[in-house]
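Colleague: Structure of the sequence below:
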Amino acid sequence: MADTKDTKQTKQAGSRRQIGDLSVFPLSLGGNVFGWTADEAESFAVLDAYVAAGGNFVDTADVYSAWVPGNSGGESETILGNWFASRGNRADIVLATKVGAGVPTPRGLSAAAIKAGLDESLKRLRTDYIDLYYTHYDDPSVPVEEIISTLDELVKAGKVRQIAASNISAERLEASLDFSAKEGLARYVALQPHYNLVSRDTFEGPLADVAARHGVVTLPYYALASGFLTGKYRPGASVDSARAEGAAKYLETERGQKALAALDDVAANHGAAHATVALAWLAAQPTVVAPIASARTVDQLPALLAVADLKLTEQELALLTSASE
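Modeller: Down below sits the predicted model:
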């Protein structure tokens with residue numbers, strides 16, 4: 001029997017996670033494919049299906065997808081802005097975007113760069129506020145005091161609800177958090193590191209320790225290792241994907257092969273997709289609130305959304321952890 005509307009709403013509410021005062025679905029939909037491997041119509045279809053399944057947390061950046069020939073950056077935000085305007089649902093979505101990156105030249109994180117970047121993002125997204133605003137790549141040439149003070153100004157102006165960091169060192173993250181605490185300014189509530197079952201040293205260690213000590217939640221990107229952790233990349237197999245080269249490199253490592261074998265076993269235990277298991281392992285790690293994963297088509301969504309309901313046993317988590325060390 002299908003869920004009633006009330007039952008569905010209760011289920012969705014029960015699966016929410018907290019990032020400061022933001023209540024989010026435990027799978028963040030990555031917007032890096034919008035304007036890259038998914039055109040506007042395909043992007044709208046994926047977004048509609050994600051929301052219909054209870055999702056409410058979308059991640060993008062001002063630079064997406066400048067790496068595509070003919071693009072200049074901002075394509076993903078523009079598609080999202082058009083979707084918000086078409087669906088009239090901006091208030092229902094927790095929207096995350098970023099500033100500081102650039103192709104080929106980074107924008108940087110000076111006060112002027114952050115303010116200009118935000119105004120441009122707001123225009124493309126057709127909104128007057130961002131729920132979660134990231135520094136995309138840290139800019140060591142700018143003191144953390146300037147970065148935090150600028151972001152605090154944007155929060156006080158009502159343009160940003162919460163602030164977060166991505167691609168930052170443990171030292172700079174801690175210095176930022178200490179300055180926020182000392183001055184009573186907005187603080188980073190979330191961290192977006194490169195982190196997945198076969199890329200663990202990018203986060204585990206000092207960076208993870210700082211996040212845990214300061215109560216900063218984690219939202220990992222490359223959660224599926226460019227698609228490798230979907231299980232479709234096998235020795236001798238040919239996969240038609242824009243990310244094939246990035247994913248296939250893991251097949252050449254012992255860690256990748258062992259992790260894939262462990263995924264095979266755990267996925268079989270649950271009758272689950274490999275991607276779901278890989279995301280569930282991430283979701284079970286300390287400080288992780290919601291992995292980020294993208295879907296080029298609606299057909300790719302169910303395996304991602306299923307992370308909300310899959311709970312791995314301690315033995316399964318240990319197997320995956322051991323295999324990927």
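Colleague: State the distance from Ala225 to Ala278.
Modeller: The gap separating Ala225 from Ala278 is 8 Å, by C-beta to C-beta, to the nearest Å. All C-beta atoms are positioned from the backbone trio N, CA, C, and that covers glycine.
Colleague: more crowded one of the two?
Modeller: The neighbour comparison of Ala225 against Ala278 (other C-beta atoms under 10 Å) goes to Ala278, with 31 against 23.
Colleague: what's the nearest residue to that one if we skip its chain neighbours?
Modeller: Leaving aside its chain neighbours, Ala278 sits nearest to Leu229 (3.8 Å; criterion: C-beta to C-beta, 6 or more residues apart in numbering).
Colleague: check contacts around the one you found.
Modeller: Leu229 makes contact with 196-198, 223, 259, 263, 274-275, 278, according to C-beta atoms under 8 Å, 6 or more residues apart in numbering.
Colleague: one more time with 7 Å
Modeller: Leu229 is in contact with 196-197, 263, 274-275, 278, counting by C-beta atoms under 7 Å, 6 or more residues apart in numbering.
Colleague: what's in contact with the longest helix seen in the chain?
Modeller: If you go by DSSP state H, the chain has its longest helix at helix 254-270. With contact meaning C-beta under 7 Å, 6+ apart, helix 254-270 is reached by 197-198, 228-229, 231, 250-251, 273-274, 277-278, 310, 312, 316, 319-320, 323-324.
Colleague: ok, and for it, which residues are buried?
Modeller: Buried residues in helix 254-270, defined by neighbour count with 16 or more other C-beta atoms under 10 Å: 256, 258-260, 262-263, 266-267, 270.
Colleague: Please apply the same query to stretch 49-57.
Modeller: 49-51, 53-57.
Colleague: export the residues you listed to a markdown table and tack on pLDDT, secondary structure and distance to Pro140?
Modeller: A markdown table is the format used below for the buried residues of stretch 49-57 (pLDDT from 0 to 100; DSSP: H, G, I helix; E, B strand; the rest coil; distance: C-beta to C-beta, whole Å):
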| residue | pLDDT | secondary structure | distance to Pro140 |
| --- | --- | --- | --- |
| Ala49 | 99 | helix | 40 |
| Tyr50 | 99 | helix | 36 |
| Val51 | 99 | helix | 38 |
| Ala53 | 98 | coil | 40 |
| Gly54 | 98 | coil | 40 |
| Gly55 | 98 | coil | 35 |
| Asn56 | 99 | coil | 34 |
| Phe57 | 99 | strand | 30 |
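Colleague: and which of the residues you listed is nearest Asn167?
Modeller: Comparing the buried residues of stretch 49-57 against Asn167 with C-beta to C-beta picks out Phe57 as the nearest, at 19.7 Å.
Colleague: Run through this structure and note the low-pLDDT ranges.
Modeller: Applying pLDDT under 70 to the chain flags residues 1-14, 236-244.
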